[in-house]
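J.: The amino acid sequence is not available; the structure is as follows:
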C-alpha cells in the first residue's frame, strides 16, 4: 500500500493538532516524520509516529516544552530540552549548531532532558544543506547488553555522520550501535519475517534471526561485536559529559525512555581555506570506492546515502509504502 506524501503529512498534522502541537511546529514535526518515510526510513517515520503519541499520553513528552539555551562553556552551548518533543528539540539544536559553524567554522550544541529525536538523519541533512559536515548522536534507555553480558546495560545510541557532496546525494551514515534498530526489529516481527543476518540472542543465549525473540530478550547484537559495545559506551559518556545530562544507566532508572542526552556538531567546510579541495577529495574518494569489484555480479558498490535520492524520487512519484495496519492505526488516532 502506498500513501501520497501530502496525505501522510496532513494526517500527521491532524493528530499533532489534536494532541496540542499546532501551527508552524506541527508543520515542522509532521514534515520530519513524513520525510523519514519518504526517504525509505520507514521505521522512524510513520511506524514511529504512534509511539510518539503514546509518549505524550504517558507523560514522557511535554508538548508545551521546548529546548532552551542553559549555559555557554567556551565554544560549547548546553541546552535543556525540558522533556519537550524530541524532533522539535533536535531540529532547534542542529539549527543552532549550524549558525555557530557559519560564524566560527565549528558549532557544538549539547542537549539534555530531551526525548527520542525520531530519524536522526534528518538533522545530518540539515547540515549538508548548509554546506556543513554534521556529526550527531544520542544515548537511549538501556536496550543492548555489553559484549559478554546478558542484561541490557548499554543503549544502542545512534550516531550520524553527514558530508556534503555537491549536487550529488550527500554521504549520510545513520546507524545505531545495534545490528538492527528496535524499530526495524518491530517491523520484521509484525511481518513475521526473518532478519537477513543474525541480529541478537534468544532466551537460550543462542544467536538468532528471529526479531520477536530478540525483542523478548532485549539482547540485540552490537555492531562489530565488542567494538560496537565499546563505542556505545563512549558515545553515552561523552554525550552526558557535554550536555550535563543523564547517562544511559540513569535514563534506565526512569519509568519510560525520556531525559536523553544528545550532541550536535556542525563544521562549515566553506570556511576552510582548502574547502574546494576537500570537495574534490570527496568526489575522488567516492569514485574510487565504487570501482571496487562487487561481490555479486550485476550489483554495484554504493556509498552511504547514495540510494536515498532514488528512493525519495520513487516515493514522491508513486506514494510512500506503508504497513497497512500502522497506517490505519494512525488514521484512528
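T.: Nice, I can see it. These numbers were taken from a predicted model, which means no experiment stands behind them. Numbers count the residues shown, from 1 in each chain.

J.: Would you confirm that residue 200 contacts residue 214?
T.: Yes: between residue 200 and residue 214 a contact is recorded at 3.6 Å, counting by Cβ atoms under 8 Å. To be clear about C-beta, it is placed using only N, CA and C from the backbone, and glycine gets the same treatment.

J.: Pull up the overlap in contacts between those two.
T.: Shared contacts of residue 200 and residue 214, defined by Cβ atoms under 8 Å, 6 or more residues apart in numbering, comprise 180, 185, 208, 220.

J.: most neighbours, which of the residues you listed?
T.: Ranked by the number of neighbours (other Cβ atoms under 10 Å), the shared contacts of residue 200 and residue 214 place residue 220 first, at 28 neighbours.

J.: how far away is it from residue 327?
T.: Residue 220 sits 26 Å away from residue 327, going by Cβ to Cβ, to the nearest Å.

J.: Run through the helices of the stretch 51-200 of the chain in chain order.
T.: Taking DSSP state H, counting those that start in this stretch to define them, one finds helices in the stretch 51-200 of the chain at 86-104, 121-129, 182-191.

J.: Buried deepest among the ones you listed, which one?
T.: Most buried of the helices of the stretch 51-200 of the chain by mean neighbour count (mean count of other Cβ atoms under 10 Å) is helix 121-129; its value is a mean of 24.

J.: Run the angle between it and helix 86-104 for me.
T.: Helix 121-129 and helix 86-104 meet at an angle of 20 degrees, taking axes from the mean of the first three to the mean of the last three Cα atoms, to 10 degrees as the criterion.

J.: Which neighbouring elements make contact with helix 121-129?
T.: Judged by 3 or more Cβ pairs under 8 Å, 6 or more residues apart in numbering; DSSP states H and E, the packing partners of helix 121-129 are helix 23-38, helix 86-104, strand 132-138, strand 159-163, strand 171-175.

J.: any chance of the shared contacts of residue 200 and residue 214 in TSV, with pLDDT too?
T.: Output for these, formatted as TSV (pLDDT from 0 to 100):
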residue	pLDDT
180	91
185	91
208	95
220	92
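
J.: wait, what's in contact with residue 294?
T.: 300, 301.

J.: Next up, phi/psi of it, please.
T.: phi -70, psi 150 (degrees, to the nearest 10).

J.: Looking at it now. What's its pLDDT?
T.: Confidence at residue 294, expressed as pLDDT, is 89.

J.: So it versus residue 285, what's the distance?
T.: In terms of Cβ to Cβ, residue 294 sits 18 Å off from residue 285.

J.: picking up where we left off before, which of the shared contacts of residue 200 and residue 214 lies closest to residue 73?
T.: For those, the closest approach to residue 73 (Cβ to Cβ) belongs to residue 220, at 34.6 Å.

J.: wait, what's in contact with that closest one?
T.: 143, 144, 156, 178, 179, 180, 182, 185, 199, 200, 214.

J.: What about the residues you listed, which are in strands?
T.: residue 200 (DSSP state E).

J.: Three-state assignment for residue 298, please.
T.: Following DSSP: H, G, I helix; E, B strand; the rest coil, we place residue 298 in the coil state.

J.: Now do it, the pLDDT please.
T.: Confidence score, pLDDT, at residue 298: 81.

J.: Can you give me the domain assignment for the chain?
T.: Following the assignment in automatic domain parsing, the chain carries domains at 1-57+309-333, 65-176+228-270, 179-221.

J.: can you put these in CSV and add distance to residue 277?
T.: What follows is the domains of the chain, written out as CSV (distance: least, Cβ to Cβ, whole Å):
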stretch, distance to residue 277
domain 1-57+309-333, 25
domain 65-176+228-270, 10
domain 179-221, 36
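
J.: which of these sits most buried?
T.: Of all the domains of the chain, domain 65-176+228-270 has the most neighbours on average by mean count of other Cβ under 10 Å, namely a mean of 21.

J.: Quote the end-to-end distance of it.
T.: This stretch, domain 65-176+228-270, spans 35 Å end to end (Cα to Cα, to the nearest Å).

J.: and what of stretch 204-214?
T.: The first and final residues of stretch 204-214 sit 11 Å from each other (Cα to Cα).

J.: And for that stretch, what's in contact with it?
T.: Stretch 204-214 has contacts (Cβ under 8 Å, 6+ apart) with 150, 180, 184-186, 188-189, 193-203, 220-221.

J.: quick one: average confidence on stretch 56-72?
T.: The average pLDDT within stretch 56-72 is 97.

J.: likewise stretch 141-158?
T.: 93.

J.: hmm, back to that, now the helices of the stretch 51-200 of the chain as JSON lines including distance to residue 165?
T.: Compiled in JSON lines, the helices of the stretch 51-200 of the chain are given as follows (distance: least, Cβ to Cβ, whole Å):
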{"stretch": "helix 86-104", "distance to residue 165": "17"}
{"stretch": "helix 121-129", "distance to residue 165": "8"}
{"stretch": "helix 182-191", "distance to residue 165": "26"}
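
J.: In contact with the residue nearest to residue 329 when sequence neighbours are not counted, which residues are there?
T.: Using Cβ to Cβ, 6 or more residues apart in numbering and skipping residues adjacent in sequence, the residue nearest residue 329 is residue 50, 5.7 Å away. For residue 50, the contacting residues are 326, 329, 330, 333, by Cβ under 8 Å, 6+ apart.
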